[in-house]
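1. Here's my sequence, what's the structure:
(one chain, ligands or ions: 1)
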Amino acid sequence: MLEVLNPATEEVVATVPAATAQDVDAAVVRAAGAQTKWAATAPADRARLLRRFAAVVDEHLEELAQLEVREAGHLIGNARWEAGNVRDLLDFAAGGVERLSGRQIPVPGGLNVTILEPLGVVGVIAPWNFPMPIAAWGTAPALAAGNAVILKPAETTPLTALRLAELALEAGLPEGLFQVLPGAGDVAGNALVEHPGVAKIVFTGSTRVGKQIMAKCADRVKRLTLELGGKSPNIVFADADVEAAALAAPMSYLDNSGQDCCARTRILVQRSVYDRFLEIVRPAIESVVVGDPSDEKTQMGPLISRAQLERVRSYVPSGAGIRGTAPEGPGFWFPPTLLTEADADAGPESPVATEEVFGPVAVVLPFDDEADAIRLANATEYGLSGSIWTRDVGRALRVSGAVQAGNLSVNSHSSVRYWTPFGGYKQSGLGRELGPDALAAFTETKNVFISTESPEA
Ligand code: NAD
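-> Take a look at the predicted model:
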């Protein structure tokens, strides 16, 4: 059984049976049957059903959001956005069903066409940090492209995923087409990865587990998308609006209590404005409102679990750095923290500056010039996101070109929109999700040549 705890109170919210490898076997059989019929359904009907699913999610938006607050400790405002994001992902994917077309390529002696075929059964393995949106990143386009989906949510956050599966049925999606199997990663997750009937794995989670899954998929040349960890830079040049950059910096790594693969946890500031940046950022961090996630005034909630809290603590010497506040008592609380050069063990090569902490902790490091900023920004095995603050358009373009990451933003920290592509360079991932090509990632391209030669010729 999986015990789901409210991270803000440590109360048990629910217990959920954990799927076994046999449950996965049975789910794959059901999914394969449903997929064959789904792929043969007229595109307009598939699109209509997905739109209906989106509408039913919208009708249950508040319920889903409240569930996310209880099982993941997300702020209620964020949780409402997340449920709305699932709706939007389904609508966007539905819009692609009738547009998922192959090409006609000129060749001599006949007609050459490409056909985009669904893969079959897709396994989506999701993390706990954004349980609803990330589940839908894989699920919505996979269904739209004619596949069946088996979703394995994270052990700590199965409830919204289970509810989404019920809503799919309520919307009229065929039985077996979208199934949710909560369970342990190394049991249910691994069974999906190893199952010969699962054509593709979409994995979002840690780089460590992603590598293991990639190795197992290699055995069968199983299709794979990986969305992994990050250690993203936030580069502030002296020619930027330094005040705006400093005021935006805290929430760029404190949102979702820092449990965000895109968190800008390495703040790189040009030396000439370093002290000014710190002067502005200090009160901004100290005044972040940390507490009850269901209170709309709260800016940061708890961490997901005690294990995560202990992990975050292990990176930060007691009392070090610029600190905000956090509640005492039950719940997995850690204050907003920014470590500077002056703190012990917070230099550019320290664990806290190079490893993904996945908590409300960032380091701020000075740099000398553009080349130095790029060198520091790229001095990581990760390459997911990053931000560049400058008023110089040429520099913004040069540095965007030089930073090895899949998602950059200039003079802002935005990075994930369902209609723009998202994914990592280096050890942050493999493949892209979202954006205009999202459905194509769930197809095989078949090339067919039809001879027009006459047998009489
Ligand atoms: P995790 O790797 O521990 O687990 C992710 C999922 O994989 C869970 O569902 C887990 O049960 C499952 N799993 C674990 N071991 C498995 C195995 N051997 N076989 C199959 N499945 C297995 O990650 P987490 O702690 O849940 O999530 C946090 C991580 O996710 C962070 O590293 C974060 O950066 C990353 N993340 C990346 C993105 C992105 O888009 N790049 C987005 C969100 C989170």
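2. Check which element follows the longest helix belonging to the chain along the chain.
-> Longest helix in the chain, counting residues (DSSP state H): helix 76-97. Counting by DSSP states H and E, the next helix or strand C-terminal to helix 76-97 is strand 104-107.
3. Return the distance of that following strand from the chain's centre.
-> Counting by CA atoms, centre = their mean, to the nearest Å, strand 104-107 is centred 38 Å from the centre of its parent chain.
4. how about the nearest residue to S287 once chain neighbours are set aside, phi and psi?
-> Of all residues not flanking S287 in the chain, G324 sits nearest, at 7.4 Å (CB to CB, 6 or more residues apart in numbering). All C-beta spots, glycine's among them, are computed from the backbone N, C-alpha and C. Main-chain dihedrals, G324, degrees, to the nearest 10: phi -90, psi -160.
5. G431: how many residues sit nearby?
-> Here the number of neighbours of G431 (other CB atoms under 10 Å) works out to 14.
6. For the nearest residue to it once chain neighbours are set aside, which three-state class applies?
-> Excluding its sequence neighbours, the residue lying closest to G431 (CB to CB, 6+ apart) is T225, at 4.0 Å. When classified by DSSP: H, G, I helix; E, B strand; the rest coil, T225 comes out as strand.
7. which ones are touching T225?
-> Shown in contact with T225 (CB atoms under 8 Å, 6 or more residues apart in numbering): G138, K200, I201, V202, F203, G423, G429, L430, G431, R432, E433, A441.
8. Output those of these also counted as contacts of the ligand.
-> G429 (CB under 6 Å from any ligand atom).
9. Inside strands: which ones of the contacts of T225?
-> K200, I201, V202, F203, G429, L430 (DSSP state E).
10. Just to be sure, S314 is in a helix?
-> Yes - assessed with three-state DSSP, S314 lies in a helix.
11. how much space between it and the ligand?
-> Distance check for S314 against the ligand: by CB to the nearest ligand atom, to the nearest Å, it reads 15 Å.
12. And for that residue, the neighbour number?
-> Under the neighbour criterion other CB under 10 Å, S314 is assigned a count of 11.
13. what about it, distance to V361?
-> Here S314 is placed at a distance of 11 Å from V361 (CB to CB, to the nearest Å).
14. just V273 next, same as before
-> 23 Å.
15. Any chance of JSON lines for the ones in strands among the contacts of T225, columns pLDDT and neighbour count?
-> What follows is the ones in strands among the contacts of T225, written out as JSON lines (pLDDT from 0 to 100; neighbours: other CB atoms under 10 Å):
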{"residue": "K200", "pLDDT": "98", "neighbour count": "23"}
{"residue": "I201", "pLDDT": "98", "neighbour count": "25"}
{"residue": "V202", "pLDDT": "98", "neighbour count": "27"}
{"residue": "F203", "pLDDT": "98", "neighbour count": "29"}
{"residue": "G429", "pLDDT": "98", "neighbour count": "26"}
{"residue": "L430", "pLDDT": "98", "neighbour count": "16"}
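16. right, and the pair among these with maximum separation?
-> Using CB to CB, the two most remote members of those are K200 and G429, lying 14.8 Å apart.
17. what about the residue most central in space within the chain, which helix or strand?
-> Central residue of the chain (CA atoms, centre = their mean): I134, 5.0 Å from the mean position. Assigned by DSSP H and E, I134 belongs to helix 131-144.
18. If I take that helix and strand 223-227, what angle do their directions form?
-> Put simply, helix 131-144 runs at 150 degrees to strand 223-227, going by axes from the mean of the first three to the mean of the last three CA atoms, to 10 degrees.
19. Run me through the strand neighbours of whichever helix or strand comes after helix 131-144, direction for each.
-> For helix 131-144, the following helix or strand on the C-terminal side (DSSP H and E) is strand 148-152. Neighbouring strands of strand 148-152 in its sheet, by DSSP bridges, are strand 121-125 (parallel), strand 178-180 (parallel).
20. Just send these back as a markdown table, with distance to D292 and mean pLDDT too.
-> Shown next, in a markdown table, are the strands paired with strand 148-152 (distance: least, CB to CB, whole Å; pLDDT from 0 to 100):
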| stretch | distance to D292 | mean pLDDT |
| --- | --- | --- |
| strand 121-125 | 31 | 98 |
| strand 178-180 | 29 | 98 |
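21. Among the ones you listed, single out whichever gets nearest to the ligand.
-> strand 121-125 (4.7 Å; CB to the nearest ligand atom).
22. can you list the residues that contact the closest one?
-> Outside of strand 121-125, the residues within contact range by CB under 8 Å, 6+ apart are 28, 31-32, 35, 135, 138-139, 142, 147-152, 185, 189, 192-193, 195, 197-205, 213, 442.
23. ok, that strand near the ligand or not?
-> Yes - using CB under 6 Å from any ligand atom, strand 121-125 reaches the ligand at I125.
24. CA atoms only: put that strand into PDB for me.
-> Extracted in PDB, the C-alpha atoms of strand 121-125 (Å, rounded to 0.1, in the frame of the first residue of the first chain):
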ATOM      1  CA  VAL A 121       0.900   1.300 -25.700                       C
ATOM      2  CA  VAL A 122       2.900   4.200 -24.100                       C
ATOM      3  CA  GLY A 123       4.100   4.100 -20.500                       C
ATOM      4  CA  VAL A 124       4.300   7.500 -18.800                       C
ATOM      5  CA  ILE A 125       6.300   7.600 -15.600                       C
END
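25. Could you tell me the angle between it and strand 200-204?
-> Taking the same axes, to 10 degrees, strand 121-125 and strand 200-204 form an angle of 10 degrees between their directions.
26. next one: strand 121-125 to chain centre, how far?
-> Distance, stretch centre to chain centre, for strand 121-125: 15 Å (CA atoms, centre = their mean).
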